[in-house]
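S.K.: Just the structure for this:
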Amino acid sequence: MLDRLLDQDRIAWLAFFDARLVALSHQTLTLSFVDVTKLGGDHNFSMARNPRHIALLQSAIHEITGANLEIAEE
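M.R.: Here you go, the predicted structure:
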């Protein structure tokens, strides 16, 4: 999926490159962006994520798998 995203939008690819898969259930893909080895303290940037990038990720997932998934963050 990330390769497809990179083809569409490099900034969107960067936004999700470090995401970790938490769960896939009930048509919801849950991702985590927490990486304690990179930054100290609270570094939740979910408010800064662009809804267009989420839509591009959903589109890439749909193109490859045919699944229509909601994207959630943990």
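
S.K.: residue contacts, residue 2?
M.R.: By CB atoms under 8 Å, 6 or more residues apart in numbering, the contact set of residue 2 is 13, 16, 17, 60. For glycine as for every other residue, the C-beta is placed from the backbone atoms N, C-alpha and C.

S.K.: and what of residue 5?
M.R.: Contact analysis of residue 5 by CB under 8 Å, 6+ apart lists 12, 13, 16, 56, 57, 60.

S.K.: For these, pick the one with the most neighbours.
M.R.: Using other CB atoms under 10 Å as the neighbour test, these are led by residue 57, with 25 neighbours.

S.K.: give the contact list for that one.
M.R.: Each residue near residue 57 by CB under 8 Å, 6+ apart is listed here: 1, 5, 12, 16, 71.

S.K.: Could you do residue 69 as well?
M.R.: 24, 27, 28, 29, 58, 61, 62.

S.K.: element containing the fifth one, please.
M.R.: By that I understand residue 58. helix 51-65 (DSSP states H and E).

S.K.: go on, the first one?
M.R.: Secondary structure assigned from DSSP H and E places residue 24 in strand 20-25.

S.K.: From the contact counts, what lies against that strand?
M.R.: Secondary-structure packing of strand 20-25 (3 or more CB pairs under 8 Å, 6 or more residues apart in numbering; DSSP states H and E): strand 28-32.

S.K.: Of all the residues in the strand it packs on, which ones are buried?
M.R.: By neighbour count with 16 or more other CB atoms under 10 Å, strand 28-32 contains the buried residues 29, 30, 31.

S.K.: Let me know the average pLDDT across that strand.
M.R.: Strand 28-32 carries an average pLDDT of 93.
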